[in-house]
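# Here's my sequence, what's the structure:
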Amino acid sequence: MRAPSTTHQGTTMPAQKECRRPTDPEVAERDRLSAAIGGHVLGVLGRPDDLFRVQVRRLWDDRYRVNVLVGPDAASTTIAHSYFLLVDEAGHVHTTSPAIRRQYDS
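Numbers count the residues shown, from 1 in each chain. As a prediction, the model looks like this:
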């Protein structure tokens, strides 16, 4: 962190916060965990015919939000299913709200 700087009038300004960027291993681990969580959701739910993508967002600690987006393109997608999940570090899903139920054959 930088030391406070002095303006030309003699008052001090607070130092700027430095941003910490995730390292490559952190990004790879986050991607691996997101893929495992999304795969689990689709494995239980099934795959909608018009699946656009599965969006996995970490909310805090071991809590995640998963949205299953359907539609022909990005401009016309809708959230067909949405879940809150409790997940451990290995990517194992312990609880979901609401419960995920099989809705598609594939």
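
# Next, the residue most central in space within the chain: phi, psi?
Central residue of the chain (CA atoms, centre = their mean): Arg57, 1.7 Å from the mean position. Note on Arg57: its backbone torsions stand at phi -130, psi 130 [degrees, to the nearest 10].

# Show me the beta-bridge partners of the nearest residue to it once chain neighbours are set aside.
Leaving aside its sequence neighbours, Arg57 sits nearest to Arg65 (CB to CB, 6 or more residues apart in numbering; 4.7 Å). Quick note: C-beta positions are derived from backbone N, CA and C, even for glycine. With DSSP bridges as the criterion, Arg65 is bridged to Arg57, Phe84.

# mind listing what Arg65 touches?
Contacts for Arg65 were tallied using CB atoms under 8 Å, 6 or more residues apart in numbering; they are 56-57, 59, 82-85.

# Produce a ChimeraX select command limited to the buried residues of the residues you listed.
Here is the ChimeraX command that selects the buried residues among the contacts of Arg65 (16 or more other CB atoms under 10 Å):
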select :56,83,85
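
# What segments of this protein are strands?
5-6, 12-13, 51-60, 63-70, 78-87, 93-97 (DSSP state E).
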